[in-house]
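Trainee: Okay, sequence plus prediction incoming.
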Amino acid sequence: MTPAARVQAAVEILDQVIDAARSGGAAADTLIARYFKDRRYAGSKDRRAVRDLVYRAIRRSAERPESGRAALIGLAHDDDALITLFDGSPHGPAPIASGEAGAEAGLVPQWLQGRLDPLVTADEWPALLERAPLDVRVNRLKGTVQDARSDFPEAAPLPHSPVGLRLPEGFAVEQTVGWASGLVEIQDEGSQLLSLACAARPGMTVVDLCAGAGGKTLALAADMANSGRIIAADVDRARLSRIAPRVERAGASIVEIRLLDPGKELEALGDLHGAADLVLIDAPCSGTGTWRRNPETRWRLTSKRLARLAATQAHLLDIGAALVRPGGHLVYAVCSLLAEEGRGQAEAFAARRSAFISERPAIEAGRPAGAGTVLTPGHDGTDGFFVARWRAP
Ligand SMILES: C[S@@+](CC[C@H](N)C(=O)[O-])C[C@H]1O[C@@H](n2cnc3c(N)ncnc32)[C@H](O)[C@@H]1O
């Protein structure tokens, strides 16, 4: 592909990304993969270059652009080499017409700026969109951090998580023996710290209420030295179905999977009423803490969706409170940096359940935010999270 043809390909993919953001369609990564599936003439260098252009354009636009072309023209305004490729050559983009505007540059969509946690000041915003590092958690059911360091000599220790390592960007972890044997699992340092904040111990009965594909479930099983019970529950059948092979690879045998009915979650969890030593609610959220991985989610969120998420979060907190035994613990986490999903949600729960005693999560990172702790890319180098922990009366 010529450099101009790569720009045109990025324009076409961005059109699809914008459309998918509007209509709740597929993620940018999926759309890029689909685009190239039908275009065998594109080599690996072409794909890499186009992908890079697409993501640079997405990162640069806080608001959803009018079109892929507007997104790329905006990017070209800051990049002289790129602007010359709008030359009308075959397969390339048409020349930029006089007065043709590009998308505006920005980091945080305007409507969300006042909703961020007050700790996330504007000087931290660029870090929200920086590329995320590649972190793995060492699965102590399979070996020690030292074992993993011998298997991955290129790895460096993580700044805060004692059970994690950082690998060079682009490292093909999933093609290594260490990954296939279950010794390491890809997991952002922030997620590792959230699991540690649960303080899960051997012998406990733990409900992972929003288990998804089991990222935290596996970390909890390791902290429990594979002794006790973990009930991994979720309303999403497809996500839950991914837990079984992961549990197998990790050598975790204490995980029971339960599919929940939205709105009737307690029906499938009746036997655990007031019985769990620990309930983790890794709640569905806006994902505003993970923009560095999924920058186009800034274009998807609407106030209606945010209100729905907030209602689900409050509902899940009340379910968690019903499941935890007297003296047991409830941990609430979101990969969001919006105050209403983090400290606001914790404050509202504390008002509804004033007998629950707030405890500061014991993690060596983050800053106190109301009843919880906030981790941010700018301050902690992790994805953005809010986590709170309570002891049940
Ligand atoms: C942030 S994700 C969980 C990620 C997972 N814990 C991990 O570490 O990989 C939130 C999950 O909440 C689930 N969810 C949404 N509504 C729910 C509900 N009412 N009850 C239980 N889970 C729900 C979603 O299906 C999604 O898998």
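Mentor: Nice, thanks for sending it over.
Trainee: Distance check, the nearest residue to residue 380 once chain neighbours are set aside against the ligand.
Mentor: In space, and not counting its chain neighbours, residue 380 is closest to residue 365: 4.6 Å by CB to CB, 6 or more residues apart in numbering. C-betas here are computed from N, CA, C, even on glycine. Distance from residue 365 to the ligand, counting by CB to the nearest ligand atom, to the nearest Å: 18 Å.
Trainee: residues contacting the residue of the stretch 1-150 of the chain at minimum distance from the ligand?
Mentor: Going by CB to the nearest ligand atom, the ligand is nearest to residue 137 of the stretch 1-150 of the chain, at 10.9 Å. Residues near residue 137 by CB atoms under 8 Å, 6 or more residues apart in numbering: 161, 163, 164, 184, 185, 186, 187, 191, 192, 219, 222.
Trainee: Out of these, which end up buried?
Mentor: For the contacts of residue 137, a burial check counting by 16 or more other CB atoms under 10 Å picks out 161, 163, 164, 184, 185, 187, 191, 192, 219, 222.
Trainee: Tabulate those (CSV), appending secondary structure and distance to the ligand.
Mentor: Listed next are the buried ones among the contacts of residue 137 as CSV, based on DSSP: H, G, I helix; E, B strand; the rest coil; distance: CB to the nearest ligand atom, whole Å:
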residue, secondary structure, distance to the ligand
161, coil, 15
163, coil, 15
164, strand, 14
184, strand, 16
185, strand, 10
187, coil, 8
191, helix, 6
192, helix, 10
219, helix, 8
222, helix, 13
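Trainee: List the buried residues in the lowest-mean-pLDDT helix or strand in the chain.
Mentor: Ranked by mean pLDDT, DSSP states H and E, the weakest helix or strand in the chain is helix 80-83, scoring a mean of 93. Across helix 80-83, burial judged by 16+ other CB under 10 Å covers 82, 83.
Trainee: How about residues contacting the helix or strand just after that helix?
Mentor: Remark: after helix 80-83, the chain's next helix or strand is helix 110-113, criterion DSSP states H and E. With contacts defined as CB under 8 Å, 6+ apart, helix 110-113 is touched by 62, 63, 288, 298, 301, 303, 338.
Trainee: which of the residues in stretch 275-293 are buried?
Mentor: With the criterion 16+ other CB under 10 Å, stretch 275-293 contains buried residues 276-292.
Trainee: pull the CA atoms of that stretch into CSV?
Mentor: Presented in CSV, the C-alpha positions along stretch 275-293 are these (Å, rounded to 0.1, in the frame of the first residue of the first chain):
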residue,chain,number,x,y,z
ALA,A,275,-22.9,-16.5,54.2
ALA,A,276,-20.0,-15.0,52.3
ASP,A,277,-16.8,-14.0,54.0
LEU,A,278,-16.1,-11.7,51.1
VAL,A,279,-18.1,-10.3,48.3
LEU,A,280,-16.3,-8.5,45.4
ILE,A,281,-18.4,-6.3,43.2
ASP,A,282,-16.2,-5.4,40.2
ALA,A,283,-19.2,-3.5,38.8
PRO,A,284,-20.0,-2.6,35.2
CYS,A,285,-19.1,1.0,34.6
SER,A,286,-18.3,3.7,32.1
GLY,A,287,-14.7,2.4,31.7
THR,A,288,-13.4,6.0,32.0
GLY,A,289,-10.3,4.6,33.8
THR,A,290,-9.3,2.5,30.8
TRP,A,291,-9.3,5.1,28.0
ARG,A,292,-5.6,4.3,27.5
ARG,A,293,-6.6,0.8,26.2
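Trainee: tell me the mean pLDDT over stretch 359-379?
Mentor: Mean per-residue pLDDT for stretch 359-379: 95.
Trainee: for that stretch, the distance to its chain's centre please.
Mentor: For stretch 359-379, the separation from the chain centroid amounts to 17 Å (computed by CA atoms, centre = their mean, to the nearest Å).
Trainee: and the residue nearest to residue 380, how many neighbours does it have?
Mentor: Residue 365 sits with 20 neighbouring residues when counted by other CB atoms under 10 Å.
Trainee: Next one: it from residue 205, what distance?
Mentor: To residue 205, residue 365 is 28 Å away according to CB to CB, to the nearest Å.
Trainee: for residue 363, same thing?
Mentor: Distance from residue 363 to residue 205, counting by CB to CB: 23 Å.
Trainee: the more surrounded of those two?
Mentor: In terms of neighbours (other CB under 10 Å), residue 363 is the more surrounded of residue 363 and residue 205; the figures are 22 against 18.
Trainee: thinking again about what came up before, what's next to the least confident helix or strand of the chain, contact-wise?
Mentor: Contacts of helix 80-83 (CB under 8 Å, 6+ apart): 7, 53, 72, 75, 76, 77, 96.
Trainee: Touching, the last one and residue 73? I think so.
Mentor: What that stands for is residue 96. Yes. The criterion here is CB atoms under 8 Å, and residue 96 meets it with residue 73 at 5.9 Å.
Trainee: which ones are touching the residue lying closest to residue 171 once chain neighbours are set aside?
Mentor: Spatially, and ignoring its direct neighbours in sequence, residue 171 is nearest to residue 134 (5.8 Å; CB to CB, 6+ apart). In this structure, residue 134 makes contact with 166, 167, 168, 169, 170, 171, 173, 186, judged by CB under 8 Å, 6+ apart.
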